[in-house]
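Peer 1: Pasting a predicted model and its sequence here:
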Amino acid sequence: MNKRLLRASAVAAAAVAFSGIISVSQSASAAQTCSAADANGRIQSMPGGIPEAQLYVPTCVEALPGNQVLGKATVNWGFINDGEIDRSKRFASFKVTTRLESRVPGGTDVVVTSKTCDLTADINATDNGTFTCLSPAATLDPSKQWSGDATVVYDIEGDKKGAITWQLVGSPLMS
């Protein structure tokens, strides 16, 4: 099996594993809908001897008790070790912006709340981890449809290419 196919299989396996964790961990009092298990995964090549970064970021919209709703993006990362051991700083910057969006049926998405979370220190400090960025909650209007969406912007240390913007697949609509 070639290396690229093996890595693609690893991303798919991680997506299935992480989606299982997400579905098991939701509480009985809250309802959420999340992007598909095979959405929002990528393997990012890194310069020099730094192992490749395996990234998976499901996006969700979650209804909370008290008639509240919020958007959620959970960044899951791991560095694929192909015998490479360089633990240098990996990212000059790694930020995720999570958005809670609403729309009237048949309309277009409108951003209701958003929050940007800076994961740079976290992702540079560990070989694998998980970080959840939550938008501020808003009052759930049952006449609207709701979704969670997110954008990741990262800059790989030392590649001299600047910031990379990754538009994630949003969650399915929740009514």
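Peer 2: Here it is on my side, so go on.

Peer 1: I'd like to know how many residues surround the nearest residue to Glu101 once chain neighbours are set aside.
Peer 2: Of all residues not flanking Glu101 in the chain, Asp109 sits nearest, at 4.2 Å (Cβ to Cβ, 6 or more residues apart in numbering). C-beta: built from backbone N, CA, C; applies to glycine. A total of 15 residues lie near Asp109 under the criterion other Cβ atoms under 10 Å.

Peer 1: State the distance from the most centrally placed residue in the chain to Ala121.
Peer 2: Centroid-nearest residue in the chain, with Cα atoms, centre = their mean: Val57, separated by 2.3 Å. Between Val57 and Ala121 the distance is 18 Å, computed by Cβ to Cβ, to the nearest Å.

Peer 1: On the C-terminal side of the helix or strand of the chain with the lowest mean pLDDT, identify the next helix or strand.
Peer 2: Within the chain, judged by mean pLDDT, DSSP states H and E, the helix or strand with the poorest mean is helix 3-25; its value is a mean of 42. The element immediately downstream of helix 3-25 (helix or strand, assigned by DSSP states H and E) is strand 31-34.

Peer 1: Run through the neighbouring helices and strands of the helix or strand following that next one.
Peer 2: Downstream of strand 31-34, the next assigned helix or strand under DSSP H and E is strand 41-44. For strand 41-44, the helices and strands in contact under the criterion 3 or more Cβ pairs under 8 Å, 6 or more residues apart in numbering; DSSP states H and E are helix 3-25, strand 52-56.

Peer 1: picking up where we left off before, mind pulling up the pLDDT for the residue nearest to the centre of the chain?
Peer 2: According to the model's per-residue confidence, Val57 sits at a pLDDT of 97.

Peer 1: give me every residue that touches the closest residue to it other than its chain neighbours.
Peer 2: When the adjacent residues along the chain are set aside, Val57 lies closest to Asn40, with 4.6 Å between them (Cβ to Cβ, 6+ apart). With contacts defined as Cβ atoms under 8 Å, 6 or more residues apart in numbering, Asn40 is in contact with 15, 56-59, 168-169.
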